[in-house]
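Visitor: take this sequence and fold it.
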Amino acid sequence: MFDVNFDNYDFNDLLEFIDTSIEHQRHSYILTCNVDHVIKLRKDDEFRKVYSDAGAVVADGMPIIWASKLLKKPLKQKVSGSDLFTRLGEAFEDRGYRLFFLGAADGIPEKAMLNLQESYPNMMWWAAILLLMALRKTKRRTDTLSSCSKRLAQTSFL
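Guide: Just a heads-up that it's a prediction; the model follows:
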């Protein structure tokens, strides 16, 4: 749909994907696709490459869910990044997953990590870094995302 290979996941399916990836030590990352991404994917080859290498792509936004129903390819649920920890944070903490935050604006990954530490004080944090290359059109953006994903012990959220 929209030349995006959406995984038809709800939050439980996504947790199962994460569990399986970790269990089998598959290096992966999850993308939450919204309407802005759909438009950018039509114009940006490198962005498409990042999407094609993702372990999972979920629908982030009701317009995508509505369109999926109109196109008779219904997706189960909106799985937005902003809701991810509200829905799965306790499971991540219980499982002892180490998390890595990657952001494209100064202070954003650190702020996300600090906010989540308040709700999940026993969660393990691998790192929080800034990736300015994500905003630039360079080959290094894809290479860096791939490299970061391969170095992570368990789960990364972009």
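
Visitor: going forward, measure contacts between C-alpha atoms and count neighbours the same way
Guide: Fine.

Visitor: hey, where'd the helices end up in this structure?
Guide: 11-23, 35-43, 45-52, 62-70, 81-95, 108-119, 139-151 (DSSP state H).

Visitor: relative to residue 29, which of these is closest?
Guide: helix 139-151 (6.5 Å; Cα to Cα).

Visitor: for the protein, what are the low-confidence residue spans?
Guide: Scanning the chain with the threshold set as pLDDT under 70 gives 1, 100-106, 108-109, 124-158.

Visitor: to residue 3, which of the helices of the chain lies closest?
Guide: Nearest of those (Cα to Cα): helix 35-43, 8.1 Å.

Visitor: same for the closest one, what does it pack against?
Guide: Here helix 35-43 touches helix 45-52, going by 3 or more Cα pairs under 8 Å, 6 or more residues apart in numbering; DSSP states H and E.

Visitor: ok, 10 Å please
Guide: If you count contacts as 3 or more Cα pairs under 10 Å, 6 or more residues apart in numbering; DSSP states H and E, helix 35-43 packs onto helix 45-52, helix 62-70.

Visitor: looking at these, which is closest to residue 98?
Guide: Among the helices and strands packed on helix 35-43, helix 45-52 sits nearest to residue 98 (Cα to Cα), with 22.5 Å.

Visitor: list the buried residues for the closest one?
Guide: By neighbour count on 16 or more other Cα atoms under 10 Å, the buried set for helix 45-52 is 46-48, 50-51.

Visitor: out of these, which is nearest to residue 5?
Guide: residue 51 (8.5 Å).

Visitor: residues in contact with the closest one?
Guide: Residues near residue 51 by Cα atoms under 10 Å, 6 or more residues apart in numbering: 4-6, 29-33, 37, 41, 45, 57, 142.
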